[in-house]
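K.L.:
pasting the structure only:
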């Protein structure tokens, strides 16, 4: 009978003997920390809370240095064991008494069985087809040589440390498997966190790791069968039964499961029904039960059950999502704690012991690194790529710990040898990530998408065939379904006019309409080569969950099934956009870096970041005496902290893109753009023009918006008046600047101001652009000339330009059209500072303005937040040539 079955029987005896607790409980003097064989639940809860607390705290710390979660769980178990906490008098006897371990063992084994089921789902045999020859050769070389060297090093370890009565062959077999195996789940996590899954190295290591992993489990099953069998004939029966059961599950069992999933509609929907989840749970438990009673460990049954789960349409991902938190957060850490309770590093108390421990680490690493690297080099990979493959294949972690625990429970390994190998597993897993990043840094990586869509030079921000004021290639960042309406609303305004579109002239303009009308311009249908090109970048956050790793592995197919991408792709086709899409599963901290890199690689001219701010949060009663800003939830303490934290993260992501982008950037802050009672879907655009590269970009963007027949705009060139009535001369560098408080998480993005020469150049560029647009000019294309007829150009001078800007915006909003404000961010190369006047506005309006507003949007756009007007904003930042 297997260990799992014995644990169930022992636990059932305890539970059936359980008596009703005293009614008074702790009030009658009951000590919850005292183990009661009739009521083990109380102590089990205490043990579980301590285990989860330790592992969560350590995982947060180790995540900072990009270490997989398994490191924190193993080290947490070692700390709770006799090495550290066990030295506290009575800690082990009270918290982890030996009589309570069988209950903890049962729950941890259940968690381990289901975790191996998840690992089985992770195994994608289709990966073996990629670089099939190379991956097969690396897998074989990375298994045969380590097994041989593991068997060789097992001989002196057996002679010096093995207990009497341990069979020589079994000991060598366990040590060889422990040295030769590769931890596939840890490998997946490392590849995902280091963004190597879509690289040549990542694909090669993953495909080789699958073969290595499956072979390792077969060897483990063989080892357990040999240990549990009393004779060779019994071992043969065990192996034949195990092979037959595996074939049964992988062939007719897999077909039956797929048929049932299709019959219940689960496969088509990509999500299992309640009945299908019930079948899945029973399948895992019965498979584990069968492999356990025939003499193979129960975890092998869970692993085989995971192999038959279909991966079509995201079904496997949905199955994992429904069970992984309960498994990985509650039950699995208990298994690692039990490993830690068996690990006593104080037994490594002699030079001989430490010498062999170091030797185990060196041999285990080199036995994987050298053959895998040499084999990869022989297949034509570079030195760095070959080295990275060798390092990745040497990672240990979870799988080796399972092998060691099986050997410990079978009394093949004693406590000293077990501790030596646990330490070696921790060391090799710990060094895998930093060594991989050292050998294979980001600058030398070859990604799967490299070389695609490189028609434009990245970061130029210039126009293509449409003219100098328009852009035709946009990158749109989509990190959630809630951003879709905002992105589609803005792109709808950028759609090319149709063939029959004529330009209405119904707004006042400084351009001579007579000359334009005499030409009777018809906005031409732009040729196919000028079609707007949209590159949608779908970002999915990589979490600690296994389902996130599965999504990362399946990103190439998931991009075709992702609902956000599907809706956006349909929108693009209906509007005749040239669409492309990419999906990336990365950590949230790397969102901004990935956006910048993706835009640079694909040569997009402008990056569009939609940001939906719910108008419901911004509604305020007219009876309020204090002006309410819809950004109060982000920048003050008057609203829920969880909403503020989420919006703060969004703000920091946007600022990082602004700070590092090599292309033009447009941030669309949607504050209910089309949710009001306006009768028109086309906006009236309002642009306050103060000058500088960001404002010039904003002006060109407004012109492109006005190429739509229904869109018109008001552009106000504002200049500050001195007290004597003269227009001020810009002197940003000589003025004291009001600074808002910085956040700890992401510092203020303050850019150096222009010198006198730079300001003169910027003023000259502003004047030239303004004169060209406000004077008749036949050099413009018909589309641009038609757009200019819909724009009203005005000049204004005021002592307090921001106050005057709000007044003019209020006048512009007195129409049936929704108002859309476009403003330059002007956080770098600004012509003048408005921070003092913005601070005055905050005081006058008796409102709140946290530091993040001006840092993210700039002073001009922040003024509309302070002003209380619930208008949507487009904040532009031009790339620096």
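P.N.:
Now that the structure is in, tell me what you want to look at. Just so we're clear, the structure is a prediction, and the values are computed from it rather than from any experiment.

K.L.:
packing partners for the helix or strand hosting residue 400?
P.N.:
Using DSSP states H and E, residue 400 sits within helix 398-409. Under the contact criterion of 3 or more CB pairs under 8 Å, 6 or more residues apart in numbering; DSSP states H and E, helix 398-409 touches helix 168-180, helix 184-193, helix 200-228, helix 332-342, helix 415-439. (Each C-beta comes from the backbone N, C-alpha and C, glycine too.)

K.L.:
what's the closest of those helices to residue 254?
P.N.:
Closest to residue 254 of the helices and strands packed on helix 398-409, according to CB to CB: helix 200-228, at 15.5 Å.

K.L.:
which element follows the closest one toward the C-terminus?
P.N.:
helix 232-248.

K.L.:
Remind me what that following helix packs against, helices and strands.
P.N.:
With contacts taken as 3+ CB pairs under 8 Å, 6+ apart, helix 232-248 sits against helix 200-228, helix 274-293, helix 298-307.

K.L.:
The shortest one to helix 398-409, inter-axis angle?
P.N.:
For helix 298-307 against helix 398-409, the angle between stretch directions is 150 degrees (axes from the mean of the first three to the mean of the last three CA atoms, to 10 degrees).

K.L.:
mind listing what's buried in the helix or strand hosting residue 556?
P.N.:
Assigned by DSSP H and E, residue 556 falls within helix 555-561. Under the neighbour-count criterion of 16 or more other CB atoms under 10 Å, helix 555-561 has 555, 558, 559 buried.

K.L.:
okay, the residues you listed in a markdown table with pLDDT next?
P.N.:
As requested, those are exported to a markdown table (pLDDT from 0 to 100):
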| residue | pLDDT |
| --- | --- |
| 555 | 71 |
| 558 | 78 |
| 559 | 82 |
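
K.L.:
between those, which is nearest residue 538?
P.N.:
residue 559 (6.8 Å).

K.L.:
if I look at the closest residue to that closest one other than its chain neighbours, how far off is residue 557?
P.N.:
Closest residue to residue 559 apart from its sequence neighbours, by CB to CB, 6 or more residues apart in numbering: residue 583 at 3.9 Å. Plainly put, residue 583 is 10 Å away from residue 557 if you go by CB to CB, to the nearest Å.

K.L.:
Using JSON lines, lay out the helices and strands packed on helix 398-409 together with distance to residue 709.
P.N.:
Formatted as JSON lines, the helices and strands packed on helix 398-409 follow (distance: least, CB to CB, whole Å):
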{"stretch": "helix 168-180", "distance to residue 709": "70"}
{"stretch": "helix 184-193", "distance to residue 709": "48"}
{"stretch": "helix 200-228", "distance to residue 709": "49"}
{"stretch": "helix 332-342", "distance to residue 709": "61"}
{"stretch": "helix 415-439", "distance to residue 709": "53"}
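
K.L.:
export these to CSV and tack on mean pLDDT and mean neighbour count?
P.N.:
Formatted as CSV, the helices and strands packed on helix 398-409 follow (pLDDT from 0 to 100; neighbours: other CB atoms under 10 Å):
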stretch, mean pLDDT, mean neighbour count
helix 168-180, 88, 22
helix 184-193, 77, 24
helix 200-228, 80, 23
helix 332-342, 86, 24
helix 415-439, 91, 21
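
K.L.:
Counting neighbours, what do you get for the closest residue to residue 436 other than its chain neighbours?
P.N.:
Sequence neighbours aside, residue 391 is the residue nearest to residue 436 in space, at 5.1 Å (criterion: CB to CB, 6+ apart). Residues near residue 391, counting by other CB atoms under 10 Å, number 28.

K.L.:
Surely residue 391 touches residue 437?
P.N.:
No. Residue 391 is beyond contact range of residue 437, at 9.6 Å (criterion: CB atoms under 8 Å).

K.L.:
Give me the contacts around the helix or strand harbouring the residue nearest to residue 559.
P.N.:
Per DSSP H and E, residue 583 falls inside strand 578-586. Applying CB atoms under 8 Å, 6 or more residues apart in numbering, the contact partners of strand 578-586 are 192, 195, 449, 453, 531-542, 548-549, 551-552, 555, 558-559, 562, 565, 568-569, 572-573, 594, 598, 602.

K.L.:
Just the buried ones from those residues, in ChimeraX syntax?
P.N.:
In ChimeraX syntax, the buried subset of these is picked out as below (16+ other CB under 10 Å):
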select :192,195,531,532,533,534,535,536,537,538,539,540,541,542,548,549,551,552,555,558,559,562,565,568,569,572,594,598,602
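
K.L.:
mind giving me the domain split of the protein?
P.N.:
Annotated domains of the chain cover 3-19+29-443, 460-484+530-545+570-614, 671-881 [automatic domain parsing].
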